[in-house]
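> Structure, please.
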Amino acid sequence: MTKLKTRKGQSQKGKTQLKSIATGVKMLLIADMHVSKLNMRHGKTAPDIDDIYPSILQGGINQSLLVRKEGKGWGVIAGRRRLFALKRKAKETGNAQTAPCVVMESGNVKAAREASLLENVARVPATQIEQFSAYKGLVDAGKDISEIAATFAIPEKSVKRVLALANLLPELLALYETEDIRTGTVQALTMATKDQQTKWLALYHSDEYAPTDYQLKEWLIGGAQIEASTALFDMAIFEGHIISDLFGETEYFADPDQFWPLQNTAIATAVSEWKAEGWTDVVLLERGHRFERYEHGKRSLEQGGKVYVEIGHDGTVTPYIGYLPNAAIKKIDAILGLETGGKSKAISSKPEMSGPMQTYIALHRHAAIRSCLLEHPKIALRLTVSHMLVGAKLWTVEPQKTNIRKEITTESVAKSSGAARFESERKVVYALLNVEQAKGIYTPPKYLVESDITSIFAGLLELEDDAVMQVMTFAMAESLAAGSRIMEAITYAVPVDMGALWEPDDAFFELLRDKTIINAMVKDIAGKGTADGALTETGKLQKQIIRNRMAGHGVKEASPDWRPKWMQIPATHYIDKDTCPPAKADGIVSKVMMADKKAGTKKAA
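Just a heads-up that it's a prediction; the model follows:
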């Protein structure tokens, strides 16, 4: 207790110094006050005032604020939390608030800094033992927990936790007061019976090891900590002992050996119910073994899926319904691919799109679609959540690279309208995050932002919600995988004007080499007669026909807005949808996206 008296002496000394630098006490309007830059806590995030606000809301403040004249208002040197609480009260009640203020001399900066330091450092909160003595005295005087909580303006749970110390033997309280045992150990001992406390004290005074903190909790409950909330059975049938962590307000099974027979019976009942639903194969993993989702894939009941049940040593039971090992899925898919019943689709001898063209188209669609996503943060938010929940090809998170082996594609994408629009937004976001712009031609770094994660987190804490949403939308768009199905799904939620964001350039025509496809494009822009007439011409000449039609050379009306089917919304194909990735992807996602729209329309009706 000597330390405590010394601290109180320091606090009293601080009060004396505060009086010596003050000029008087006034009642001042809170609306005229702000936190002074001389306050040692100036510039930090808003303080937690939940502990003091109830009493201030009810009766105002009893302790004066320390202020000095700053400009047209008053700068608060000490009393920042009281100021925030009064401002909250003024906002909630609609009534102007005043507060008693000790006014300092405005010119003495050094004194103001010392005063702020004294206010925030000299004051020492009561220890748990001191709180326990005060609360117990009130209980003995007839006050209940709710009345004590109201008196000190704190949650009832905090009062219960401190009063839990009453469960301890006097010797344990004495050891805690002299700091010979730590808080975690004391909290665990509140769970113990008097007999267990006596046994622990015997270990403590002996040469043997006395468990502490979480090890003590395991010692008390005889092994793994099994919370009562994990029970699948009716707790009314459990005849064993339940102990409670009075600080954490969590109940535990004192004897795991009495818990597991009942839990296993409940698991067996669940297995029977799954089998009755048609899941003939239910796999119970060995206790403590994890179900590795990355080694399995989702499969429905009709596709031979199984139910895997993960059982933890802590009593938790987690079912994974409808999964198969990846190796089994691969074998089944191979077998099903052979058993087509003579109805297999004829595969074209040559794919509609070459590899380089697939990359070119995928990246240009990527550049255009993601730039449109920037205007739809709510859609981006939902995309983000989907990626977080399910995972995706690029969700590490890393940016989609656009600097590839084909230099003409890299340069073409970098010069596109969609890319320019996106890079403009990158500058804005990087400025918000206070990080440097990536170097090079449209080549994002390895990660979305090259910076220390703590610095980025601290910066985001200072931004308003709208700015954070802007950064999140950019990050979501940056990490979308080019050529993925989700890119096509976005076009059903976000309007994409492909014609305004991309047009056929030299790189496109250089990569366009299949004469059959070129002729199909001639037919698309110039009609069947022109296409048939040029059927045996070189690909170069037919591509020139497309360019001439777009420019209006030799025709009455130009077609500058023509775009190949691959780059339209939705994407379609010329010859074979299965070898045209964007069209194939759209064919898959459209069924889902349009079905959801129809369901939404019916629901609205």
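> buried residues in stretch 500-519?
501-504, 507-509, 511-512, 514-515, 517-519 (16 or more other C-beta atoms under 10 Å). For glycine as for every other residue, the C-beta is placed from the backbone atoms N, C-alpha and C.
> Now it - C-alpha only, CSV.
Taking Å, rounded to 0.1, in the frame of the first residue of the first chain, the C-alpha atoms of stretch 500-519 are listed here in CSV:
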residue,chain,number,x,y,z
ALA,A,500,-16.5,4.1,-75.6
LEU,A,501,-13.8,2.3,-73.8
TRP,A,502,-12.2,0.3,-76.6
GLU,A,503,-11.9,0.2,-80.3
PRO,A,504,-10.0,-2.1,-82.7
ASP,A,505,-6.4,-1.0,-82.9
ASP,A,506,-3.3,-2.1,-84.7
ALA,A,507,-2.5,-4.7,-82.1
PHE,A,508,-5.9,-6.2,-82.5
PHE,A,509,-5.6,-6.6,-86.3
GLU,A,510,-2.0,-7.9,-86.0
LEU,A,511,-3.2,-10.7,-83.6
LEU,A,512,-6.3,-11.4,-85.8
ARG,A,513,-5.0,-14.1,-88.2
ASP,A,514,-7.6,-16.8,-88.7
LYS,A,515,-9.1,-16.2,-92.2
THR,A,516,-12.4,-18.0,-91.2
ILE,A,517,-12.9,-15.6,-88.3
ILE,A,518,-11.8,-12.6,-90.3
ASN,A,519,-14.3,-13.4,-93.0
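> any residues touching it, and which ones?
Identification of contacts with stretch 500-519 by C-beta atoms under 8 Å, 6 or more residues apart in numbering yields 350, 352-354, 356-357, 360, 364, 367-368, 371-372, 406, 408-409, 411-412, 415-418, 421, 521, 531, 534-535, 539, 542-543, 546-547, 550, 560, 563-564, 567, 574-575.
> Throw together a ChimeraX command that grabs the buried residues out of the residues you listed.
Entered in ChimeraX, the line below selects the buried ones among the contacts of stretch 500-519, by 16+ other C-beta under 10 Å:
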select :352,353,354,356,357,360,364,367,368,371,372,406,408,409,411,412,416,418,421,521,531,534,539,542,543,546,550,563,564,567,574
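> Go ahead and produce CSV holding the CA coordinates of stretch 255-263.
Extracted C-alpha coordinates of stretch 255-263, given in CSV (Å, rounded to 0.1, in the frame of the first residue of the first chain):
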residue,chain,number,x,y,z
ASP,A,255,-15.1,-33.4,-16.3
PRO,A,256,-14.6,-34.1,-20.1
ASP,A,257,-15.1,-37.8,-19.5
GLN,A,258,-18.8,-37.1,-18.6
PHE,A,259,-19.2,-34.8,-21.6
TRP,A,260,-18.0,-36.9,-24.4
PRO,A,261,-20.5,-39.9,-24.1
LEU,A,262,-23.4,-37.5,-24.4
GLN,A,263,-21.8,-35.5,-27.2
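> per-residue confidence averaged over it?
Mean per-residue pLDDT for stretch 255-263: 83.
> Quick check: the gap between Gln263 and Leu232.
Counting by C-beta to C-beta, to the nearest Å, the gap from Gln263 to Leu232 is 6 Å.
> Between these two, which is the more surrounded one?
Set Gln263 next to Leu232 and count neighbours by other C-beta atoms under 10 Å: Gln263 wins out with 20 against 15.
> just checking, that one touches Asp234?
No: using C-beta atoms under 8 Å, Gln263 makes no contact with Asp234, being 11.8 Å away.
> tell me the SS of Tyr308?
Under the three-state scheme (DSSP: H, G, I helix; E, B strand; the rest coil), Tyr308 adopts strand.
> For it, name its beta-bridge partners.
Val283, Tyr320 (DSSP bridges).
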